[in-house]
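> Give the three-dimensional model of this entry:
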Amino acid sequence: MHRRNLKSVIFWGSVALLMLVPILFVVQTANANPACGDLLYTWTGATTAGGPVYHVKAVVTPQNRPIFCGDGSGSPNSGISTWALLAGSGCRTYAQSGFSKDFGQPYVHRFWEWNNGATCDDNSERGFFDDPNTVPINTPYVLEEVYKSKSGKVRMWIDSTAYTTPFIVKNNPNWGPIASWRAQWSGETHTPGDNMFGTPTSKFLFNDIWIKACNNCSLIRPSGVSLINQDENGNTNTRYGISWTQQNQSFSIWTVTP
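The predicted structure follows:
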């Protein structure tokens with residue numbers, strides 16, 4: 001789902017910085033990383049079964065700088081990200097914020113992305129990235145996607161920095177009824193050889209996941225959340241791991257064999 005053309009943004013639905021502190025991520029050894037392979041989107045994360053969802057929130061703590069496939073420089077298809085997302089019920093309808101590393105970029109940086117679902121074509125993808133910069137490790141960041149009923153748009157937050165969708169989702173037939181909107185939190189890779197955020201000894205934690213079920217409700221723990229680890233064809237990539245640290249509250253993802 002991030003800025004590269006994504007074949008399936010609602011990852012299991014369709015298949016079925018802030019702080020400019022110059023502290024680098026821990027660099028992984030790249031010489032044993034798998035071959036890149038073809039373009040293949042894989043998601044390792046969690047989703048609610050349905051809605052209504054007006055607000056999605058999580059606290060994430062980056063602990064490593066993931067590496068690309070092959071010798072570590074990756075391929076033009078390479079892409080690694082982690083994010084929180086508010087998903088509409090239509091084809092390719094979403095608003096998200098998180099952290100991303102794309103081919104040709106040495107550092108992780110923050111991003112916002114959205115899609116109004118006007119078509120199911122990859123070209124309908126729209127994204128905004130700030131300038132690449134290093135992200136401090138072991139520092140918690142708050143990701144939030146908030147539906148604003150007054151404007152009818154979605155506000156995407158990373159800590160105190162935000163971006164608003166340029167389109168209105170309220171009564172937008174592409175997004176469908178709010179009762180069917182979902183919350184999603186996930187890591188994503190674009191080739192089978194790219195590393196997911198996290199390692200076996202330094203896992204990437206999605207902590208304090210929350211939702212709001214109405215516009216003026218309090219944040220609550222989501223119920224019936226499913227953990228998913230699959231590519232766009234519905235197959236599991238055994239290189240990636242995921243597990244609950246506390247049911248419906250926090251989970252970790254990582255590359256099993258970085």
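> after the helix or strand hosting Trp157 comes which helix or strand?
Trp157 is part of strand 153-158, with elements assigned from DSSP states H and E. Using DSSP H and E, the helix or strand that follows strand 153-158 in sequence is strand 161-164.
> Near the closest residue to Tyr163 other than its chain neighbours, how many other residues are there?
Distances taken as Cβ to Cβ, 6 or more residues apart in numbering place Trp112 nearest to Tyr163, at 4.2 Å, with adjacent residues excluded. For the C-beta atoms, the positions are set from N, CA and C on the backbone; glycine is no exception. Neighbour count of Trp112, defined by other Cβ atoms under 10 Å: 27.
> so Trp112, which of the three states?
Assigned with DSSP: H, G, I helix; E, B strand; the rest coil, Trp112 falls in the strand class.
> in terms of contact, does it touch Ser97 like I think?
Yes - counting by Cβ atoms under 8 Å, Trp112 does reach Ser97; the two are 5.0 Å apart.
> Residues in contact with both of those two, list them for me.
156, 158, 163 (Cβ atoms under 8 Å, 6 or more residues apart in numbering).
> can you give me the strands in the chain?
42-47, 55-61, 79-87, 93-102, 109-116, 126-129, 141-148, 153-158, 161-164, 182-189, 204-212, 226-231, 240-246, 250-255 (DSSP state E).
> what about the fifth one, average pLDDT?
On average, the pLDDT along strand 109-116 is 86.
> ok now that strand, how far from the chain's centre?
The gap between where strand 109-116 is centred and where its chain is centred comes out at 9 Å by Cα atoms, centre = their mean, to the nearest Å.
> okay, it in PDB with CA atoms only?
Once non-C-alpha atoms are left out, strand 109-116 reads as follows in PDB (Å, rounded to 0.1, in the frame of the first residue of the first chain):
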ATOM      1  CA  HIS A 109      11.100   7.900   6.300                       C
ATOM      2  CA  ARG A 110       7.500   8.700   7.200                       C
ATOM      3  CA  PHE A 111       4.700   8.600   4.700                       C
ATOM      4  CA  TRP A 112       1.000   9.200   4.200                       C
ATOM      5  CA  GLU A 113      -1.100   7.600   1.500                       C
ATOM      6  CA  TRP A 114      -4.700   7.400   0.400                       C
ATOM      7  CA  ASN A 115      -7.000   6.200  -2.300                       C
ATOM      8  CA  ASN A 116     -10.600   7.300  -3.000                       C
END
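> mind listing what it pairs with, with the direction of each?
strand 93-102 (antiparallel), strand 126-129 (antiparallel) (DSSP bridges).
> Repeat that for the second one.
The sheet places strand 55-61 alongside strand 141-148 (antiparallel), strand 204-212 (antiparallel), with pairing taken from DSSP bridges.
> Let me have those strands in TSV, extended by mean neighbour count, mean pLDDT and distance to Thr191.
Output for the strands paired with strand 55-61, formatted as TSV (neighbours: other Cβ atoms under 10 Å; pLDDT from 0 to 100; distance: least, Cβ to Cβ, whole Å):
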stretch	mean neighbour count	mean pLDDT	distance to Thr191
strand 141-148	22	95	24
strand 204-212	21	95	19
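> could those strands be laid out in JSON lines, adding distance to Ile178?
JSON lines is the format used below for these (distance: least, Cβ to Cβ, whole Å):
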{"stretch": "strand 141-148", "distance to Ile178": "7"}
{"stretch": "strand 204-212", "distance to Ile178": "11"}
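> So which of the ones you listed is nearest Thr61?
Proximity to Thr61, assessed across the strands paired with strand 55-61 by Cβ to Cβ, is greatest for strand 204-212 (5.3 Å).
> chain center to that closest one: distance?
Here strand 204-212 is found 12 Å from its chain centre; the criterion is Cα atoms, centre = their mean.
> same check, this time on stretch 57-68
Distance, stretch centre to chain centre, for stretch 57-68: 10 Å (Cα atoms, centre = their mean).
> Thanks a lot, see you next time.
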